[in-house]
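> What follows is a predicted protein model with its sequence.
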Amino acid sequence: MKAWAAIRRLLAGGLLAAGLAAPVAAAAPASPQSGLPDRTGPAGSEQVLANLGSAEDVALGRRIYLQGLGANGQPITGLRFGGVEAHGAEVACVACHRRSGLGSVEGTNLVAPVAGRFIFTDDKRVAASMNFRNIKSFNQRHEPFTEQSFAAAMRQGTHPSGRELSPIMPRFELSDAELRGVAAYLRTLSAEWSPGVSARQLHFATVITPDVTGQRRQTFIDTLKAAVSQKNGNVVYGQRTMNATDMLFRTDRRWELEIWELQGAPETWAAQLEERYRQHPVFALVSGLGAGQWAPVQAFCDRAQVPCWFPSVDAPPADARSGFYSLYFSAGVELEADVLARHLAERKPARLVQLHRGDAAGLAGAKRLSSALAASAKGLKVITRQVDAADAAGLRQAMAGLGPRDAVMLWWPANDMAALDSAAVPASAVYLSARMGGAEQAVLPDRWKSALRMVYPYQLPEKRKPGLIYFETWLKVRKLELRDEFLQSEVYFAMSYLSETLSDMIDNVHRDYLIERAESMLSLREGTKAEDEARELTIARHQKGGEGGAQGAMQRLGMNMPESRKTARPMPGRQDQIAVKREGTTVYPRLGLAQGQRFASKGAYIVRYAEQPSVELVAETDWIVP
């Protein structure tokens, strides 16, 4: 009861937010059957939609909000910081208040929601999280805007309470018709839950492309299903492990997951995805698995405006940076190509020979490397060859004649490493794609290990082990075998970050907002979570049971601790691993996003196999960010 009272006091007071702010109070009455608010849409939706303007008003408001273009099609004008004039896209509302209209946190500035149900209604259930440096806060409560007070806010920067709005907020030169248009468009923003959402359920799908091998496919499905099962059955001592926000707003929903396995050629995937979506609309595509081609999946997500949430793919589409709805762990083979190009530009080999199997990922990597070297290492001769899996003679021929001043890049899939045994180890430097080849998990002929260098987009093994203690413990509790550390940890992260982000969104279950929250919270989440896990595991060594000890650590993982284990024993892992400073919780050194970024990890090492048996890999370079 104390926690509930404290949260209610926090929400009632709120924190100062830049721009327009919103009312906050207790949750809606709960349905006795479901324990969830007895309604079909977010708080305030019925009231704000009932006052929606004409289609012409909405269209004009959309242009102003998204593009900064007024009634005559010309850029609008706004004044910032006491008189600095700006025009058009520079003062478009979307830049700060985002596509969802639900605001953002930018540095030390809290940009409050402006979606209509936040500023034009008096529904006291409306709330948005305004996390600032991991301090839980919410949009400030105030009286609804009237037509007059809205005009004063937009033109003079005056809040209904009488205070002056932040100097970041432009003071616009808008006509009455333009003001009416902006108000009409704001009423449409995040006014209804996105498709795939109900008061009780969230519907998701995951996509698997047909070029994924059987074992890898099954490992992915097993890990993903275990994560969803934990979310839906996460019960500790008879109660659901909701955080305080979920308890107050009653926003915890059951997850329903479909597995969409694509068949046939990539040009047929769009129709398959659209038919699946027509039959079962989903809120987002979560995780996902592809060996090479992924462009049709991303294109579908852009058309349908469905988030594609951190799929495990070797080759994200070349235009991934320009899309909005797809988030990736890294640029995959294109990142490796850019890192190697920068490395080779310094080493200046006489020529580079690229070998690939003709698959989509290998082709993408080879094309990117050729392009990058043409820009950074002019004069370097690049030879690209396709060598089929059964062509041992072709492999030997491609390797023949290479000298110590040459370099070789193998865009080689993991299941083809044994083919290298048919060729002599060349005298040249040989590089391998760790993303395609499985990194240190690759089964390589021993005589090749001393010659190989890998472009390695992961944290070094000895440094990442401490950050994966929770993940490895989770696998054991869910009775899952550790088959593929890179793939399984990506799935684990994608689903845990999804759960945390949705909880942080409260009841604003909108697709655009999901992407926006992912952008703004990932860096903070990784740093804070790594510190919290290290602290909990250290405390677990010294305390018996209790919320701060091993029992609390187990509960955070969604595990029930048997009575026999409520002792002062550490979580699995070496003691020195617990004490090591951590930067993240994944196989990557540190994940982070900013507005408009689509790749969470942005660099790689060049590594080699170590001579000492106790060390797996040795970094030959620092972390390279091209």
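Yes, it's here.

> C-alpha from now on. contacts and neighbour counts both.
Fine.

> per-residue confidence averaged over stretch 264-274?
The average of the pLDDT scores along stretch 264-274 is 97.

> what number of residues lie near the nearest residue to L452 once chain neighbours are set aside?
Take L452 and drop its neighbours on the chain: the residue closest to it by Cα to Cα, 6 or more residues apart in numbering is V430, 5.1 Å away. The burial count assigned to V430 is 22, neighbours taken as other Cα atoms under 10 Å.

> I'd like to check which residues are in contact with V430.
A407, V408, M409, L410, A451, L452, R453 (Cα atoms under 8 Å, 6 or more residues apart in numbering).

> quick one: which of those residues sit in helices?
Among those, no member falls in helices (DSSP state H).

> What about the residues you listed, which are in strands?
When those are checked against strands (DSSP state E), the matches are A407, V408, M409, L410, L452, R453.

> got the residues you listed as a markdown table, with distance to R216, pLDDT and neighbour count columns?
As requested, those are exported to a markdown table (distance: Cα to Cα, whole Å; pLDDT from 0 to 100; neighbours: other Cα atoms under 10 Å):
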| residue | distance to R216 | pLDDT | neighbour count |
| --- | --- | --- | --- |
| A407 | 31 | 96 | 23 |
| V408 | 28 | 96 | 25 |
| M409 | 25 | 97 | 25 |
| L410 | 21 | 96 | 22 |
| L452 | 25 | 92 | 20 |
| R453 | 25 | 95 | 25 |
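
> Quick check: the gap between the residue nearest to L452 and I383.
From V430 across to I383, the span is 14 Å (Cα to Cα, to the nearest Å).

> need the contacts of V430 in JSON lines with distance to F204, can you?
Listed next are those as JSON lines, based on distance: Cα to Cα, whole Å:
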{"residue": "A407", "distance to F204": "45"}
{"residue": "V408", "distance to F204": "42"}
{"residue": "M409", "distance to F204": "39"}
{"residue": "L410", "distance to F204": "37"}
{"residue": "A451", "distance to F204": "45"}
{"residue": "L452", "distance to F204": "41"}
{"residue": "R453", "distance to F204": "40"}
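
> Can you list the low-confidence ranges for this protein?
1-40, 107-108, 132-136, 234-251, 530-583, 613-615 (pLDDT under 70).

> Break it down into its domains, please.
2-188, 201-331+465-579, 333-456+603-619 (automatic domain parsing).

> quick one: terminal-to-terminal distance for the shortest one?
Which is domain 333-456+603-619. 19 Å.

> Check stretch 381-399 too.
End-to-end distance (Cα to Cα), stretch 381-399: 16 Å.

> Can you read off the backbone torsions of the closest residue to Q74 other than its chain neighbours?
Among residues not flanking Q74 along the chain, G88 sits closest, at 7.8 Å (Cα to Cα, 6+ apart). G88 has phi and psi values of phi 60, psi -130 when expressed as degrees, to the nearest 10.

> what sits against G88?
Here G88 is in contact with Q67, G68, L69, Q74, P75, I76, T77 (Cα under 8 Å, 6+ apart).

> how much distance is there from stretch 351-365 to the middle of the chain?
Centroid separation for stretch 351-365 versus its chain: 28 Å, with Cα atoms, centre = their mean, to the nearest Å.

> Could you point out which of the ones in strands among the contacts of V430 is nearest to A439?
Nearest to A439 among the ones in strands among the contacts of V430 is R453, at 10.4 Å by Cα to Cα.

> what separates that closest one from I208, distance-wise?
Distance, R453 to I208, by Cα to Cα: 30 Å.

> cool, and H510?
24 Å.

> Also A199?
According to Cα to Cα, A199 stands 28 Å off from I208.

> the more surrounded of those two?
Remark: of A199 and I208, I208 carries more neighbours, 24 against 21, as counted by other Cα under 10 Å.

> Need phi/psi at that one.
phi -120, psi 130.

> Quick check: it touching W260?
Yes. If you go by Cα atoms under 8 Å, I208 and W260 touch, sitting 6.4 Å apart.

> about what we covered before: so can I have TSV of the ones in strands among the contacts of V430 showing distance to L273?
Shown next, in TSV, are the ones in strands among the contacts of V430 (distance: Cα to Cα, whole Å):
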residue	distance to L273
A407	42
V408	39
M409	35
L410	33
L452	40
R453	39
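
> can you give me the strands for the stretch 1-150 of the chain?
77-80, 84-87, 104-106, 109-111 (DSSP state E, counting those that start in this stretch).

> Dump the ones you listed to a markdown table, plus mean neighbour count and distance to S520.
Formatted as a markdown table, the strands of the stretch 1-150 of the chain follow (neighbours: other Cα atoms under 10 Å; distance: least, Cα to Cα, whole Å):
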| stretch | mean neighbour count | distance to S520 |
| --- | --- | --- |
| strand 77-80 | 20 | 24 |
| strand 84-87 | 14 | 25 |
| strand 104-106 | 21 | 7 |
| strand 109-111 | 22 | 12 |
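
> Much appreciated, bye for now.
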